[in-house]
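[1] Show me how the following folds:
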Amino acid sequence: MNIQYFFAQVAVHAAGGIIMLTVSWFLLKNDILKYFLPQAAESGKEEGGRLLQLRLQAHERMIVFIERLNPSNLFLRLYEPGVPAVELQARILNEVRTEYQHNVSQQLYINAASWNVLRKLKDDTIAMVNNAVGTLPAEASGRDLSRTVLEHLAGIAENPYDLTIELIKQDIHQLF
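    A predicted model of the protein is given here:
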């Protein structure tokens, strides 16, 4: 009888120990894993931080793209005295398309609606320059083209380049 009592006591204590270990494991599992696998916890934080950094860089690049796309900046960069309007048009179209192609991969890191606005802004810039050239005489100068485009832009109630920059800024604020 003493042996049966002994084994019964051992079984009760073992069951209590197993229950205690199971409860402790569920309560302390995250802390134990962090202690024994610290690189796993840090890896997740680094990955999230790296993605945030890439997204911020993409938004920064899009703001630079918008500024470079703005006709007032395009004309400052590309205008040369005496250049004909059609040659300035070709330079502008080449510059806009090159800038767009350089930044096309950034659409991975910004939201789709903002990317669509950026693409439309690029297309509208090209159309604005082409339409302005279409209204000018064949012998028009680059200066005439720049004046026509800038006057058209001044006639728009809200500057689309400023509005697009504000959209990108709103996207950045949503990241935090």
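
[2] Look at the residue nearest in space to the middle of the chain and give its secondary structure.
    For the chain, the residue whose C-alpha lies nearest the mean C-alpha position (Cα atoms, centre = their mean) is residue 110; its distance is 3.3 Å. Three-state call for residue 110 (DSSP: H, G, I helix; E, B strand; the rest coil): coil.

[3] Which pLDDT does the model give it?
    In this model, residue 110 is scored at 91, pLDDT.

[4] Quick check: closest non-adjacent residue to it.
    Leaving aside its sequence neighbours, residue 110 sits nearest to residue 58 (Cβ to Cβ, 6 or more residues apart in numbering; 5.4 Å). C-betas here are computed from N, CA, C, even on glycine.

[5] Can you tell me the element that neighbour falls in?
    Assigned by DSSP states H and E, residue 58 belongs to helix 38-69.

[6] Check which residues of the next helix or strand after that helix are buried.
    Sequence-wise, the next helix or strand downstream of helix 38-69 (DSSP H and E) is helix 71-78. Neighbour counts using 16 or more other Cβ atoms under 10 Å place 71, 74-75, 78 of helix 71-78 among the buried residues.

[7] do the same with stretch 52-67
    Under 16+ other Cβ under 10 Å, the buried positions of stretch 52-67 are 55, 58-59, 61-62, 65-66.

[8] Might you report the residue contacts of the residue nearest to residue 110?
    By Cβ atoms under 8 Å, 6 or more residues apart in numbering, the residues touching residue 58 are 106, 108-110.

[9] Taking the residues you listed, tell me the two that lie furthest apart.
    108 and 110 (8.0 Å; Cβ to Cβ).

[10] Next one, pLDDT for residue 96 please.
    Confidence score, pLDDT, at residue 96: 95.

[11] Confirm it sits in a helix?
    Yes. The assignment for residue 96 is a helix, going by three-state DSSP.

[12] My read is that it contacts residue 71, right?
    No. Between residue 96 and residue 71 there is no contact under Cβ atoms under 8 Å: 9.8 Å.
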